[in-house]
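Visitor: Quick one, fold the following:
(one chain, ligands or ions: 1)
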Amino acid sequence: MRVVYKGGNVPKSVQNNRKEIINWLLSADEKDIIDIKEVVIKEPEPNRMYPTVKCEFCGGLVMETRPEQIDGKYACIPCAQR
Ligand SMILES: [Zn+2]
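Guide: Just a heads-up that it's a prediction; the model follows:
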C-alpha cells in the first residue's frame, strides 16, 4: 500500500497560507487529499535461487549473480580486487 499525497488538490485560495491549508486538510474528504494505491512489492528472491560458484583462486563460494571473472575463471570479490 502506498499513500500518495495529492497536494495539487489544495485549492489555490489556501495554497499560500499554511494555516488555511491545515484547516482545509482537516475539513477535506480524505479521498481528496490522498490516494491510496495498492503497490505490488516484488519480494526479493531467496538466496537459494542463486547458484553459487566456486572461486577458482581461493576456493570460496561466490554467488553467481555477481561473478567476477578473471581470465574466464570465477573469482570472489576479494580475489577479483587483488
Ligand atoms: Zn577468492
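Visitor: what does the model give the spatially most central residue of the chain for pLDDT?
Guide: What sits nearest the mean C-alpha location of the chain, by Cα atoms, centre = their mean, is Ile41, with 8.9 Å. Note on Ile41: pLDDT of 73.
Visitor: Contact residues of this structure facing the ion?
Guide: Contacts of the chain with the ion, taken as Cβ under 5 Å from the ion, map to Cys55, Phe57, Cys58, Gly60, Cys76, Cys79. Backbone N, C-alpha and C define where each C-beta goes, glycine included.
Visitor: Those residues in helices, which ones?
Guide: Cross-referencing those against helices under DSSP state H gives Cys79.
Visitor: could the residues of the chain next to the ion be laid out in TSV, adding pLDDT?
Guide: Shown next, in TSV, are these (pLDDT from 0 to 100):
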residue	pLDDT
Cys55	89
Phe57	91
Cys58	94
Gly60	89
Cys76	85
Cys79	87
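Visitor: Quick check on the residues of the chain next to the ion: which are buried?
Guide: Cys55, Phe57, Cys76, Cys79 (16 or more other Cβ atoms under 10 Å).
Visitor: would you list these in a markdown table and tack on distance to Leu25?
Guide: Shown next, in a markdown table, are those (distance: Cβ to Cβ, whole Å):
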| residue | distance to Leu25 |
| --- | --- |
| Cys55 | 57 |
| Phe57 | 61 |
| Cys76 | 54 |
| Cys79 | 57 |
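Visitor: Closest one of the residues you listed to Ile33?
Guide: Cys76 (51.0 Å; Cβ to Cβ).
Visitor: Which phi and psi values does that closest one adopt?
Guide: phi -70, psi 170 (degrees, to the nearest 10).
Visitor: Understood, closing this out.
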